[in-house]
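Participant: model this:
(2 chains)
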Amino acid sequence: MRRSMRAFLLICAISVLGGWGGMAVAGEAVPTENDPVAQKRAVELAAKLRCLVCQNQSIAESDAELAVDLRRQVREQIAAGKSDREIINFMTERYGDFVLYEPPMKPATLLLWIGPLLLLAAGVAAMVFLLRGRGQAAAGSAPLTEAEQARATALLEGRTIQNVSSGKGK
Amino acid sequence: MKKKLLLLIPLVVFFVLAGFFVVGLGLNPREVPSPLIGKPAPTFALPDLNEPEKTVTSKDFLGQVWLFNVWASWCVSCRAEHPLLVAYAKTNEVAIVGLNYKDKPADGKAWLRQYGDPYTVSVIDADGRVGIDYGVYGVPETFLIDKQGIIRYKQIGPITEEAMRKTIIPMIKELKQQ
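Facilitator: Got it, this is the predicted structure:
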């Protein structure tokens, strides 16, 4: 507890001094294991980055040597006061967007991002088209003639329809 | 007639998808295109493997076309490409710089004695930091760097005889003329 308190105070001091003292002070890496906030950030960032050696694991999960090295990079950069964005940029400059589990929005990935919406729109359009077609089929049938009307009424009322149909047809 | 055409839609969708899958089968997911191609090669200043007190920097090679080959004594596939590099080094076409990646210098030197040393110079990247700067994720990797220090090509994994003949050597000839 006292250790983490000390680490916290150290971080405060660094944040204050950082603006004034510059990189020399910020460069003094605080081991992230002793700093819960930095540790959490390091783990969160590592979970977003793909290990390129074992591609279905993040560098947080992987034990590949490269993942270990990249985790070290993340921790060092956090300790040096880099923002999450800067660390992500560091990785994509070297390994490309593939290192990110969540691809960035840009022209090449546009289809990836809006594809599901396009599919949804196509589905809705198809549904509207089909339902309209059905409605038109129903509305399109010709109105009943007088004789048909009479026959329908007769059917509905349960009367015999013999005379009605004979009256019409024969 | 129109109804029948509509019935064909699933079939068409199927073939389009199947087409994508067939193409996908032929791709190698391990080959992640490097964002560094067309960009300046990251700088480094590292100790020479043979004379550790000497520092070699990336700037030493400005003005010439050079190959930057990442290797290690623990790397099995490095052994596969090594004879190609040894043979190519004999032509003296370009400088071949080795990055001895995350290796023990003694092991690296012994490895070169055993299998031959094609390198103009090898530098020590003991903790792999320069490797990270170059986006190295699978040793061996080879970068072709032009006279202006721009990375023009990256070979991921061992150099094959075919890659050497069809891609690397023609590119080197072209870059040297520029």
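Participant: element containing the residue positioned nearest the centre of chain B, please.
Facilitator: Taking Cα atoms, centre = their mean, the centroid of chain B lies closest to B:Thr142, which sits 2.2 Å from it. Secondary structure from DSSP states H and E places B:Thr142 in strand B:141-145.
Participant: what packs against the helix or strand that that strand is followed by?
Facilitator: The helix or strand immediately downstream of strand B:141-145 is strand B:151-156, counting by DSSP H and E. Applying 3 or more Cβ pairs under 8 Å, 6 or more residues apart in numbering or on different chains; DSSP states H and E, one finds that strand B:151-156 contacts strand B:141-145, helix B:169-177. C-beta coordinates here come from the backbone N, C-alpha and C atoms, glycine included.
Participant: chain center to the last one, what's the gap?
Facilitator: Here the centre of mass of C-alpha atoms in helix B:169-177, compared against the chain's by Cα atoms, centre = their mean, to the nearest Å, lies 16 Å away.
Participant: ok so, going back, and the closest residue to the residue nearest to the centre of chain B other than its chain neighbours, how many residues sit next to it?
Facilitator: Spatial nearest neighbour of B:Thr142, chain neighbours left out: B:Gln155 (4.2 Å); criterion: Cβ to Cβ, 6 or more residues apart in numbering or on different chains. B:Gln155 has 21 neighbours, counted by other Cβ atoms under 10 Å in any protein chain shown.
Participant: pLDDT averaged over stretch B:150-165 - what is it?
Facilitator: Averaged across stretch B:150-165, pLDDT comes to 94.
Participant: quick one: buried residues of it?
Facilitator: Of all the residues in stretch B:150-165, those buried under the rule 16 or more other Cβ atoms under 10 Å in any protein chain shown are B:Ile151, B:Arg152, B:Tyr153, B:Lys154, B:Gln155, B:Ile156, B:Gly157, B:Pro158, B:Ile159, B:Ala163, B:Met164.
Participant: again with stretch A:111-128
Facilitator: For stretch A:111-128, it's none, nothing buried (16+ other Cβ under 10 Å).
Participant: roughly how far is that stretch from the heart of the chain?
Facilitator: Worked out by Cα atoms, centre = their mean, stretch A:111-128 lies 15 Å from the chain centre.
Participant: coming back round to it: possible to save the helices and strands packed on strand B:151-156 as JSON lines with mean pLDDT?
Facilitator: Converted to JSON lines, the helices and strands packed on strand B:151-156 look like this (pLDDT from 0 to 100):
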{"stretch": "strand B:141-145", "mean pLDDT": "96"}
{"stretch": "helix B:169-177", "mean pLDDT": "94"}
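Participant: can you tell me which of those is most buried?
Facilitator: Sort the helices and strands packed on strand B:151-156 by mean neighbour count, taking mean count of other Cβ atoms under 10 Å in any protein chain shown, and strand B:141-145 sits at the top with a mean of 23.
Participant: for the closest residue to B:Asp127 other than its chain neighbours, give me its contacts.
Facilitator: Counting by Cβ to Cβ, 6+ apart, B:Lys102 is the residue found nearest to B:Asp127 once chain neighbours are left out, at 7.1 Å. By Cβ atoms under 8 Å, 6 or more residues apart in numbering or on different chains, the contact list for B:Lys102 reads A:Glu65, B:Ala72, B:Asp125, B:Ala126, B:Asp127, B:Gly128, B:Gly131.
Participant: pull out the buried residues from those residues.
Facilitator: B:Ala72, B:Asp125, B:Gly128, B:Gly131.
Participant: OK, contacts around the residue nearest to A:Gln73 when sequence neighbours are not counted?
Facilitator: Closest residue to A:Gln73 apart from its sequence neighbours, by Cβ to Cβ, 6+ apart: B:Ile132 at 6.3 Å. B:Ile132 is in contact with A:Asp69, A:Leu70, A:Gln73, A:Arg94, counting by Cβ under 8 Å, 6+ apart.
Participant: can you tell me the strand partners of the strand or helix carrying B:Val56 and which way each runs?
Facilitator: With elements taken from DSSP H and E, the one containing B:Val56 is strand B:55-57. The strands that strand B:55-57 pairs with in its sheet are strand B:45-47 (antiparallel) (by DSSP bridges).
Participant: ok, now which ones touch B:Leu175?
Facilitator: B:Leu175 touches B:Val65, B:Leu144, B:Asp146, B:Lys147, B:Arg152, counting by Cβ under 8 Å, 6+ apart.
Participant: and stretch B:85-103, what's buried?
Facilitator: For stretch B:85-103, by 16+ other Cβ under 10 Å, it's B:85, B:88-89, B:94-103.
Participant: distance between the ends of it?
Facilitator: In stretch B:85-103, first residue to last residue: 19 Å (Cα to Cα, to the nearest Å).
Participant: repeat for stretch B:2-18
Facilitator: End-to-end distance (Cα to Cα), stretch B:2-18: 25 Å.
Participant: ok, now stretch B:129-146?
Facilitator: End-to-end distance (Cα to Cα), stretch B:129-146: 22 Å.
Participant: do stretch A:43-54 as well
Facilitator: Start-to-end, stretch A:43-54 (Cα to Cα) is 18 Å.
Participant: list the buried residues of it.
Facilitator: For stretch A:43-54, by 16+ other Cβ under 10 Å, it's A:Leu45, A:Ala46, A:Lys48, A:Leu49, A:Arg50, A:Cys51, A:Leu52, A:Val53.
Participant: contacting chain B as well, which ones from these?
Facilitator: A:Leu52, A:Val53 (Cβ under 8 Å from any Cβ of the partner chain).
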